[in-house]
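A.B. asks: 3D model of this:
(one chain, ligands or ions: 2)
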Amino acid sequence: MSETPLLSVRGLTKYYGARLGCADISFDLHEGEVLAIVGESGSGKSTLLSCLSTELVPSAGEVHYRMRDGMARDLFGLGEAERRLLMRTDWGFVRQNAADGLRMGVSAGGNVGERVMAIGARHYGKIRATASDWLEKVEIETGRIDDTPRGFSGGMRQRLQIARNLATNPRLVLMDEPTSGLDVSVQARLLDLIRQLVRELGLAAIIVTHDLAVARILSHRIMVMRRGRAVESGLTDQVLDDPSDAYTQLLVSSVLAA
Ligand code: ADP
Ligand code: MG
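C.D. replies: Ligands and ions are numbered 1, 2, ... in the order given. Predicted structure coming up:
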C-alpha cells in the first residue's frame, strides 16, 4: 500500500437543517481497499456517500483525494469542470436503484460508450468494441448491445450499471446497496461478480449495505454507523466475529438469529 491514502475523510458532518445526516466521520481508504459501511435504515450511510460523491456539500469536515498525479486535493476545492470529470472518469457510483445510475432511454452499448468517451475515446468502432467487452464481463449477452435497459431485468440493469461505472478504469467506486431489492439468487451472483471485478481491477471501493453478509463477502474493513455516527470500525472479520460495541453486537446477533 502506498503511504498517502487514496481518500482521506476527516470530521465529515452533514445536517439537513436541524436534522442530523451524519456526524464527525473520519477514515482513510487506501488503493485496492474495500470499506463496507453498515447500519440500519436512517443511520446516515447514504448521506455520507452523497457527501463523498460531492452531490451534497457537507456542513463540516474535509475530504482529500489523491489524484492520478499523486497530489492530494480537497474535493470541495476542485473547480466544477474538474470535479465533474473526476466523478465521471476516476470514480464510479453504483446506485441502489439502477434506473438512477443509467440512462434508461439509451442503448446498453451507449450507456457504457458514453463513459468511455469521457476518457477520450472517439473512434466509433473502438467505443462499441469496448462496450461489447464490458457487456460480456458483466454477463450480458452482447446481442443486447442496442437494446435499452428498459427491457432488462433488475439484475441485468444492475450489471449494466456496474459496466458503465467500471468502463473508464476508475480508481474508486462507491456503491449504495448494490444488491438489495434483487432476488436472493440474483444477489448471490451479482455479489460474486462484484467481488471478482473489484479484485481483478484492484479497485478501492466503499460499499454501503444494511446486509452484514454482503459486507463480509466484499470488504476488508467495516464501519458501523448508528444515528449518523460511526460506532465501531476495524477489519471486517474482527468486527463481525468479535464486536466490541454494544450496538454492533446487537446487529451481528440479530443477523445470526435471522
Ligand atoms: P441511510 O442511508 O443509512 O438509510 P440516510 O443517510 O438516508 O440514512 O439518512 C440519515 C438521516 O438523515 C435520517 O434521519 C434521514 O431522515 C435524514 N435525511 C436523509 N436525507 C434527507 C433529506 N434530503 N432531508 C432531510 N433529512 C434527510
Ligand atoms: Mg440509504
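A.B. asks: count of residues packed around Leu49?
C.D. replies: 23 (other Cβ atoms under 10 Å). To be clear about C-beta, it is placed using only N, CA and C from the backbone, and glycine gets the same treatment.
A.B. asks: Sorry, slip of the keys, the one I care about is Gly113.
C.D. replies: 25.
A.B. asks: so which helix or strand takes in it?
C.D. replies: helix 108-118 (DSSP states H and E).
A.B. asks: Point out the other helices and strands that the following helix or strand past that helix packs with.
C.D. replies: Where DSSP H and E defines the elements, the next helix or strand beyond helix 108-118 is helix 124-137. Secondary-structure packing of helix 124-137 (3 or more Cβ pairs under 8 Å, 6 or more residues apart in numbering; DSSP states H and E): helix 108-118, helix 154-166.
A.B. asks: and helix 124-137 with helix 154-166, angle?
C.D. replies: Put simply, helix 124-137 runs at 130 degrees to helix 154-166, going by axes from the mean of the first three to the mean of the last three Cα atoms, to 10 degrees.
A.B. asks: Now helix 124-137: buried residues?
C.D. replies: Residues of helix 124-137 classed as buried by neighbour count (16 or more other Cβ atoms under 10 Å): Ile127, Arg128, Thr130, Ala131, Ser132, Trp134, Leu135, Lys137.
A.B. asks: can you check stretch 135-147 too?
C.D. replies: Neighbour-count burial for stretch 135-147 [16+ other Cβ under 10 Å]: Leu135, Lys137, Val138, Ile140, Arg144, Ile145.
A.B. asks: still on that earlier bit, quick one: which of the helices and strands packed on helix 124-137 is nearest ligand 1?
C.D. replies: helix 154-166 (17.9 Å; Cβ to the nearest ligand atom).
A.B. asks: and that closest one with helix 108-118, angle?
C.D. replies: 20 degrees.
A.B. asks: quick revisit: now do the buried residues in the helix holding Gly113.
C.D. replies: Buried residues in helix 108-118, counted by 16+ other Cβ under 10 Å: Ala108, Gly109, Gly110, Asn111, Val112, Gly113, Glu114, Arg115, Val116.
A.B. asks: just to revisit the earlier point, which among the buried residues of stretch 135-147 gets closest to ligand 1?
C.D. replies: Val138 (25.2 Å).
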